[in-house]
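> Compute the structure for the input listed below.
(chains A, B, C and D)
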2 protein chains.
Amino acid sequence: MEFDIANFNDALGKNCVIILACKCSIHYSGRAESFLSDGDRLIIIKSDKTLLVHQHVGSNPINYMKEGTGFSLVLEDGRLVLHCRNIPVKEYMDIIISKVHSFQQLQMEDSEKIRLVGSERDMSDMIYRQPELIEPGFRPLSREEHTKYGFIDVFGYDKRNNLVIVECKRYSADFKAVEQLQRYMTKIKQLKGVDNVRGIVAAPEISANALQMLKDFGLEYRSISPPKFLERFNRDQKKLGEY
Amino acid sequence: MEFDIANFNDALGKNCVIILACKCSIHYSGRAESFLSDGDRLIIIKSDKTLLVHQHVGSNPINYMKEGTGFSLVLEDGRLVLHCRNIPVKEYMDIIISKVHSFQQLQMEDSEKIRLVGSERDMSDMIYRQPELIEPGFRPLSREEHTKYGFIDVFGYDKRNNLVIVECKRYSADFKAVEQLQRYMTKIKQLKGVDNVRGIVAAPEISANALQMLKDFGLEYRSISPPKFLERFNRDQKKLGEY
DNA sequence: GGGGAGAGATGCCGC
DNA sequence: GCGGCATTTCTCCCC
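Residues are numbered from 1 along each chain as shown, chains lettered A, B, ... in the order given. Okay, the predicted model is just below:
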């Protein structure tokens, strides 16, 4: 493999993405400390100076450095070493490279942002627009608001003018979701000086423990799923070309 | 760029890592749904059939598929499409490739596992071995044990034979840590039928809100940091960092 | 497989 | 910067 240190450091100075496949060992020190012995890894340095080290399996990088890291590849005591320093966050990494398998630098043009559907935010939007999903006569006042009462998903009144707090979960609600709702309940009762406040967990399902805790606290549960606008995709993959 | 569909699908059948730099748009549907318009991306398919899609910035993949995904690259209506299907978890992705920048397949040998120091587990070990970090006369009985009382970091008796529950946090303790400890307290008092139980949060720091809640609950705080065995590494970096 | 909890969590938004 | 919270969280361990 033709590989030149000056060439690599030159690439670091450019606004490109570097892909280095190599055999290496790694030492990291920062928020914690880690050691990884010699093995083949994929090293990616992005244009924002994020570093990722990937093994041949697993979805998470085995080591990484955050955006804005400084890099320098040097020959040290006859060994190729990639020094990685992020001074502001006090994170340090040394990658000792014993063999370079391949080296690549890429210019990547991409200004697109992802659009995601089916988040908890989408769920609270849906409930806000279709209050009857909670119950007839529910009148939502606000959604996803950072009030002094806390970060409440949907907040409103029922037909008897009781305050209603709705906590949404896009997955199965667990006891932490119930605790979270209970915390809002306590807070808002104190701050508003009222007692007629109802709390509702809205989620596609709820665990047995969470349901028990919910009942103990006198709270309620509604089975509601996050919106999916394109169920069609799952049913008929062939129609994908329509986008 | 010389690029052959059969060659790519052949690589998929082998136990290697595939790196594809290309311009593409992406549609994902599974736990949620996402759309990403055309742009240059780095696509990695690992030997365990994990897929990662990276943009030129950011530490997280913009899209991904989990281990065990099935892949198939086909020419569809004159367009190159990478179909990704993970039937067991009901996740689907289509990557429409408008230009291939580079394609690489790598054999990677790596059986090493990372050793990490400074975790919460290390903290509880340290306290177990040096109980005086909590207070004189503290006698720990167990650490990190899944008892019927719950998952308690350190569990023991103080010099007056009160039960003591210690909850460790490697970072600043927040009110959720206090809630967690309070939950264990309630549980253990119920199950043991005793009332003389003390709860201690051990963390390098604690937020103002958490400290208030802690006091309200009658719990205690000890400022303890997770162990770092190689502070020397940080000191030695100074001379290396001079470049 | 579900539940519970940690993670070098990350990322977002608001104050 | 910190705080509070969601995440296609992921990962591990135990039941």
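> Determine the set of other helices and strands touching the top strand by length along chain A.
Counting residues, the longest strand found in chain A (DSSP state E) is strand A:91-106. If contacts are counted by 3 or more CB pairs under 8 Å, 6 or more residues apart in numbering or on different chains; DSSP states H and E, strand A:91-106 sits against helix A:5-13, strand A:17-29, strand A:33-45, strand A:63-65, strand A:79-86, strand B:91-106, helix B:231-240. C-beta here means a position set from N, CA and C on the backbone, and glycine is covered the same way.
> which stretch in these has the least confidence?
Per-stretch mean pLDDT for the helices and strands packed on strand A:91-106 is lowest at helix B:231-240 (a mean of 47).
> Got the phi and psi for the residue nearest to A:Gly68 when sequence neighbours are not counted?
Spatial nearest neighbour of A:Gly68, excluding adjacent residues (CB to CB, 6 or more residues apart in numbering or on different chains): A:Lys49 at 5.4 Å. A:Lys49 adopts backbone torsions of phi 60, psi 40, taken as degrees, to the nearest 10.
> Quick check: A:Lys49 touching A:Ser72?
No: A:Lys49 is beyond contact range of A:Ser72, at 11.9 Å (criterion: CB atoms under 8 Å).
> What does the residue nearest the centre of chain A show for phi and psi?
Residue closest to the average C-alpha location in chain A (CA atoms, centre = their mean): A:Ser119, at 11.5 Å. Backbone dihedrals for A:Ser119, given as degrees, to the nearest 10, come out at phi -80, psi 170.
> Cross-check the contact I'm expecting between it and A:Pro227.
No: using CB under 8 Å, A:Ser119 is not in contact with A:Pro227; the gap is 9.5 Å.
> Low-confidence regions, chain A specifically.
Applying pLDDT under 70 to chain A flags residues A:1, A:229-243.
> The longest helix along chain A: what's the following helix or strand?
Secondary structure of chain A per DSSP state H: the longest helix is helix A:175-192. As assigned by DSSP states H and E, the chain's next helix or strand after helix A:175-192 is strand A:197-203.
> The following helix or strand past that next one and DNA strand D, are they touching?
Sequence-wise, the next helix or strand downstream of strand A:197-203 (DSSP H and E) is helix A:208-216. No: using CB under 7 Å from any atom of the strand, helix A:208-216 never reaches DNA strand D; the gap is at least 13.1 Å.
> So chain A: which segments form each domain?
For chain A, automatic domain parsing gives the domain ranges A:5-106, A:120-223.
> between those domains, which gets nearest to B:Arg170?
domain A:5-106 (7.7 Å; CB to CB).
> Straight-line length of that closest one, end to end?
End-to-end distance for domain A:5-106: 17 Å, by CA to CA, to the nearest Å.
> swap in stretch A:27-41?
For stretch A:27-41, the first-to-last residue distance is 14 Å (CA to CA).
> ok, back up a step: for the residue nearest to the centre of chain A, list the residues it contacts.
The contact partners of A:Ser119, taken as CB atoms under 8 Å, 6 or more residues apart in numbering or on different chains, are A:Arg170, A:Pro226, B:Ala32.
> Most neighbours of all those residues, which one?
In terms of neighbours by other CB atoms under 10 Å in any protein chain shown, the contacts of A:Ser119 top out with A:Pro226 at 23 neighbours.
> Mind checking what secondary structure it has?
coil (DSSP: H, G, I helix; E, B strand; the rest coil).
> What distance do you get for it to chain B?
7 Å (CB to the nearest CB, to the nearest Å).
> neighbours of the closest residue to A:Ile19 other than its chain neighbours, just the number please.
Distance criterion CB to CB, 6+ apart; nearest residue to A:Ile19, sequence neighbours excluded, is A:Gln104 at 4.4 Å. Using other CB under 10 Å, A:Gln104 has 18 neighbouring residues.
> residue contacts, A:Gln104?
With contacts defined as CB under 8 Å, 6+ apart, A:Gln104 is in contact with A:Ile18, A:Ile19, A:Leu20, B:Ala21, B:Ser102, B:Gln104.
> Quick one: buried ones out of the residues you listed?
Neighbour-count burial (16 or more other CB atoms under 10 Å in any protein chain shown) is assigned, among the contacts of A:Gln104, to A:Ile18, A:Ile19, A:Leu20, B:Ala21, B:Gln104.
> got JSON lines for these, with distance to DNA strand D too?
Formatted as JSON lines, these follow (distance: CB to the nearest atom of the strand, whole Å):
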{"residue": "A:Ile18", "distance to DNA strand D": "23"}
{"residue": "A:Ile19", "distance to DNA strand D": "20"}
{"residue": "A:Leu20", "distance to DNA strand D": "22"}
{"residue": "B:Ala21", "distance to DNA strand D": "18"}
{"residue": "B:Gln104", "distance to DNA strand D": "22"}
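> any idea which of those residues is closest to B:Pro136?
Of those, the one sitting nearest to B:Pro136 (CB to CB) turns out to be A:Leu20, at 53.0 Å.
> is that closest one in a bridge, and if so with what?
Using DSSP bridges, the bridge partners assigned to A:Leu20 are A:Ile43, A:Phe103.
> quick one, what contacts it?
A:Phe8, A:Leu42, A:Ile43, A:Ile44, A:Ile45, A:Val100, A:Ser102, A:Phe103, A:Gln104 are the contacts of A:Leu20 under CB under 8 Å, 6+ apart.
> go on, A:Tyr184?
Counting by CB under 8 Å, 6+ apart, A:Tyr184 touches A:Tyr149, A:Gly150, A:Ile152, A:Ile165, A:Glu167, A:Gly199.
> Now, of those residues, which are buried?
A:Tyr149, A:Gly150, A:Ile152, A:Ile165, A:Glu167, A:Gly199.
> Pipe those into CSV and attach distance to DNA strand C and secondary structure per row.
Listed next are those as CSV, based on distance: CB to the nearest atom of the strand, whole Å; DSSP: H, G, I helix; E, B strand; the rest coil:
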residue, distance to DNA strand C, secondary structure
A:Tyr149, 12, coil
A:Gly150, 12, strand
A:Ile152, 12, strand
A:Ile165, 18, strand
A:Glu167, 16, strand
A:Gly199, 19, strand
